[in-house]
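[1] coordinates only, sequence not included:
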């Protein structure tokens with residue numbers, strides 16, 4: 001899903017993504033040292049590498065250590081794209097067969113879980129530029145289309161089309177959401193914040209008011 005780029009470039013990309021996504025971010029140093037959502041992603045990349053190379057037990061150890069220190073549990077088998085930002089992050093759970101695209105924004109308490117005990121694909125596939133609001137549960141081997149928005153505390157068990165908004169328990173899908181629904185569905189994300197015409201905009205553009213280090 002993610003093209004191969006150097007480690008240092010990937011770290012820079014992650015930090016710039018956080019600065020763009022989070023208006024509370026004041027400097028790259030603060031993000032580097034204190035943003036648990038980014039730390040969880042970094043741990044996951046190492047755990048995922050171990051998992052893919054047959055080192056399943058070490059991969060699990062790394063993922064469980066990350067859970068203890070960040071409050072975010074990502075199975076080492078999960079596939080995560082570039083410029084994914086987990087805001088706040090506490091309580092996020094991502095299952096083994098989950099697939100997350102590029103430029104995705106997840107808030108705290110999100111679960112990408114399964115609905116069965118069978119092997120094979122049993123967790124969601126999240127498209128590019130999707131925003132998932134705080135506390136949302138996306139369950140089963142379903143697909144969330146590109147540019148979709150999942151409202152806070154929604155419980156989603158069916159596919160969500162590209163560009164649609166899902167809100168409620170169980171979630172109701174609005175393929176052509178009203179303006180107020182689109183703006184408030186995912187924890188008041190600013191209009192257009194998750195919909196980049198060029199994916200690199202998510203990290204290339206930095207807040208004008210944020211100082212550099």
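    It's in. Small disclaimer: the values here were computed from a predicted structure and weren't measured.
[2] Show me which positions of stretch 160-167 end up buried.
    160-161, 163-167 (16 or more other CB atoms under 10 Å). Quick note: C-beta positions are derived from backbone N, CA and C, even for glycine.
[3] Contacts for that stretch next, please.
    Here stretch 160-167 makes contact (CB atoms under 8 Å, 6 or more residues apart in numbering) with 127, 142-151, 154, 156, 171-177, 181-182, 185.
[4] hey, which helix is longest across this structure?
    In terms of residue count, the longest helix belonging to the chain (DSSP state H) is helix 36-52.
[5] Measure how far that helix is from the centre of its chain, please.
    In terms of CA atoms, centre = their mean, to the nearest Å, the centre of helix 36-52 is found 13 Å from the chain centre.
[6] Give the buried residues for that helix.
    So, applying 16+ other CB under 10 Å, buried residues of helix 36-52: 36-41, 43-45, 47-48, 50-51.
[7] For residue 63, list the residues it contacts.
    Taking CB under 8 Å, 6+ apart, one finds 43-44, 47, 73-76 in contact with residue 63.
[8] try 10 Å
    Neighbour list for residue 63: 40, 43-44, 46-48, 50-51, 72-78, 94 [criterion: CB atoms under 10 Å, 6 or more residues apart in numbering].
[9] and the two most separated of those?
    The largest separation in those, counting by CB to CB, is between 50 and 72 at 17.7 Å.
[10] Could you look up the SS state of the closest residue to residue 81 other than its chain neighbours?
    Using CB to CB, 6 or more residues apart in numbering and skipping residues adjacent in sequence, the residue nearest residue 81 is residue 102, 4.1 Å away. Secondary structure, DSSP: H, G, I helix; E, B strand; the rest coil: residue 102 is coil.
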